[in-house]
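Peer 1: What shape does this take:
(one chain, ligands or ions: 1)
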Amino acid sequence: MIRYSKIPRGLPREILLLKGRGCKYRSCSFCDYYLDAGSEEEAAEANTPNIARLTGEYGAAEVVCSGSFTDIYGADLAALRERLSRVKIKTLILEGHWEDRIFIPRFREYFAQLNVIFKAGVETFDPEMGTLLGKRLGAGAAEIAAYFNHCNLLMGFRGQTYQSAETDLRDALSRFERVCVNLFTENSSPMRRDERLVRELEERLFPRFLDDPRVDILRENTDFGVGRYDE
Ligand code: SF4
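Peer 2: Residues are numbered from 1 along each chain as shown. The predicted structure follows:
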């Protein structure tokens with residue numbers, strides 16, 4: 001699997017997809033990402049050469065792990081911290097679940113030499129859609145933004161309406177510094193993509209944000225360059 005890439009646009013950064021111990025929630029009806037997990041030894045084997053690929057070119061790196069930042073093994077965190085320091089990366093983006101907000105201070109302390117940005121896997125602020133996705137967070141945009149700087153939204157799945165998706169993006173941009181919109185890519189989960197909604201989003205919503213440096217729009221979940229199997 002490709003685990004290292006570069007994102008030159010928007011917020012230019014390198015990106016790492018680490019193998020971790022696996023998501024502890026596994027309740028989201030659209031997700032099978034957590035299958036990318038392994039033992040500490042397997043993770044080190046997959047991660048070590050990719051952590052070594054960080055160059056510091058943009059001074060920023062995003063680190064994801066098919067789970068939450070708390071699902072990264074300690075040895076990999078230590079290797080990451082050492083590499084970030086060596087290549088003088090100053091900004092680190094870590095992605096995580098709302099429930100892991102209690103660990104944010106500990107991670108800020110661990111990476112104290114860095115500007116650490118936390119990105120929440122929100123997917124939607126709409127309670128009805130949250131129930132459909134199995135991801136009812138029980139918190140709104142303002143509450144989540146008190147802990148997390150960026151957020152992910154999921155769009156284009158069956159059951160979602162255009163209005164709900166548009167409201168999610170508006171709410172996210174009013175509270176978060178940056179937003180990553182992910183069009184749902186079908187996988188082994190039971191969730192299905194709504195092609196008609198995707199067309200409507202492409203025609204009416206996305207053109208308004210194509211040049212907005214605060215918004216990333218991923219048509220495929222591998223658009224950041226990581227997660228593919230064809231290296
Ligand atoms: S979306 Fe995130 S929190 Fe939900 S099951 Fe997948 S990895 Fe876990």
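Peer 1: hey, let's count contacts and neighbours off CA atoms from now on
Peer 2: OK.
Peer 1: Okay, whatever residue of the chain ends up closest to the ligand and residue 106: tell me how far apart.
Peer 2: Nearest residue of the chain to the ligand (Cα to the nearest ligand atom) works out as residue 26 at 3.4 Å. Using Cα to Cα, to the nearest Å, residue 26 is found at 23 Å from residue 106.
Peer 1: gap between residue 61 and residue 208?
Peer 2: For residue 61, the distance to residue 208 (Cα to Cα) stands at 27 Å.
Peer 1: Quick check: residues of this structure near the ligand?
Peer 2: Neighbours of the ligand within the chain, by Cα under 6 Å from any ligand atom: 23, 25-28, 31, 33-34, 66-67, 97.
Peer 1: Pipe those into JSON lines and attach pLDDT per row.
Peer 2: Formatted as JSON lines, those follow (pLDDT from 0 to 100):
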{"residue": "23", "pLDDT": "92"}
{"residue": "25", "pLDDT": "89"}
{"residue": "26", "pLDDT": "89"}
{"residue": "27", "pLDDT": "87"}
{"residue": "28", "pLDDT": "93"}
{"residue": "31", "pLDDT": "93"}
{"residue": "33", "pLDDT": "84"}
{"residue": "34", "pLDDT": "82"}
{"residue": "66", "pLDDT": "88"}
{"residue": "67", "pLDDT": "92"}
{"residue": "97", "pLDDT": "95"}
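Peer 1: check contacts around the spatially most central residue of the chain.
Peer 2: Centroid check for the chain by Cα atoms, centre = their mean gives residue 95 as the closest residue, at 5.1 Å. Contacts for residue 95 (Cα atoms under 8 Å, 6 or more residues apart in numbering) come out as 63-64, 68-69, 118-121.
Peer 1: From the residues you listed, keep the buried residues only.
Peer 2: For these, a burial check counting by 16 or more other Cα atoms under 10 Å picks out 63-64, 68-69, 118-121.
Peer 1: ok so, going back, pretty sure the residue nearest to the centre of the chain sits in a strand.
Peer 2: Yes. Counting by DSSP: H, G, I helix; E, B strand; the rest coil, residue 95 is part of a strand.
Peer 1: Residue 61 and residue 208 - which one has more neighbours?
Peer 2: residue 61 (27 against 10; other Cα atoms under 10 Å).
Peer 1: what comes into contact with the host helix or strand of that one?
Peer 2: Per DSSP states H and E: residue 61 is located in strand 60-64. With Cα under 8 Å, 6+ apart as the contact definition, strand 60-64 has outside contacts at 12-18, 89-95.
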